[in-house]
Structures are given as structure tokens and as C-alpha cells.
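Trainee: following is a predicted model, sequence given first.
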Amino acid sequence: MSPVIIWAVALVVLLAIEGATAQLVTIWFAAGALVALIAAALHAPIWLQAVLFIVVSGVTLVATRPLVKNITKRKTQSLNADRCIGETAVVTEDIDNIQATGSVKVGGIVWTARSSDGEKIEKGKNVIIEKIDGVKLIVKEI
């Protein structure tokens, strides 16, 4: 089988895989296959075609991968709950990490709460919300 046909089939297969995926995964190798196809059409030796394929694939991968990662990076969307971090809340049920009890009220909503330093916090105390862990607020007494 002719090297031109082999590289043409490789190019088509790589482009088909690229078209079927949501992320860029084979585009660099398709570029290498294209250059190797051109070299084969110009009757370059097989070893040169293989070297060109490897070099072009590697160079395009290294040169463009960071850019592609930045473009395709999924942005995390903050939740409304994230807004309560740094806010002051009132303890509505004693917070005891050992007993796994405690709740606070912030912005009119009651949340399960745990102490960030492990200390018990009594009902009625003001706390500051340090972070969210699942559905629990991690708080510290003011």
C-alpha cells in the first residue's frame, strides 16, 4: 500500500475522531499526518515521513495545548450560597462538632453548621462564616 494512501487514511481517521469528540484530542496528530502526507506525495523516504509526523505532532501539541486548555477550561459557577462566606450569622442551635449538632441563621435561611476550630458555640452567639462544606457552614465565633 502506498504511503500517500496510508497518511491520507490516517488523516481522515484522526479528523473523524476529532469531529466526534467535544474536546481537542487528535488535532495535533492530524497536523502531523498532513505534513507526512505532503512529504509522501513528494516521494520523501518513509523514515523522513515518520520523523516529520512525530516532530510536527509534538511541536503543535506543545505549542498549542496551553492555549487550548485556557480556551476550553470550564469556568466554575459560584452558587448563591457562596455569597454568605464572610457574613455574620446567629447560632440557632448549639454547635457541637462531636455531637454533630448545630445550626445558624443567615440571610433568613437556617443552615446546618459546624465549628471550624472544634469548639462548642452556644445558641444566640454571633459567628462568622468561613467556608461551606457540602451543605454545612463552617463557622467561627466572633
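Mentor: Perfect, I can see it now.
Trainee: against which helices or strands is the longest helix anywhere in the chain packed?
Mentor: Taking DSSP state H as the criterion, the chain has its longest helix at helix 46-72. Counting contacts by 3 or more CB pairs under 8 Å, 6 or more residues apart in numbering; DSSP states H and E, the secondary-structure elements packed against helix 46-72 are helix 3-20, helix 27-41. Any C-beta I mention is one placed from the backbone N, CA and C, and that applies to glycine too.
Trainee: most packed of those?
Mentor: When the helices and strands packed on helix 46-72 are scored by mean count of other CB atoms under 10 Å, the highest mean neighbour count falls to helix 27-41 (a mean of 21).
Trainee: what comes into contact with it?
Mentor: Contacts of helix 27-41 from elsewhere in the structure, counted by CB atoms under 8 Å, 6 or more residues apart in numbering, are 2-4, 6-8, 10-11, 14-15, 18, 48-50, 52-58, 60-61, 64-65.
Trainee: can you give me how far it is from the chain middle?
Mentor: 31 Å (CA atoms, centre = their mean, to the nearest Å).
Trainee: tilt between that helix and helix 3-20?
Mentor: Comparing the axes of helix 27-41 and helix 3-20 via axes from the mean of the first three to the mean of the last three CA atoms, to 10 degrees yields an angle of 160 degrees.
Trainee: angle of helix 27-41 against helix 46-72?
Mentor: With the same axes, to 10 degrees as the criterion, the two stretches helix 27-41 and helix 46-72 enclose an angle of 150 degrees.
Trainee: no more questions from me, cheers.
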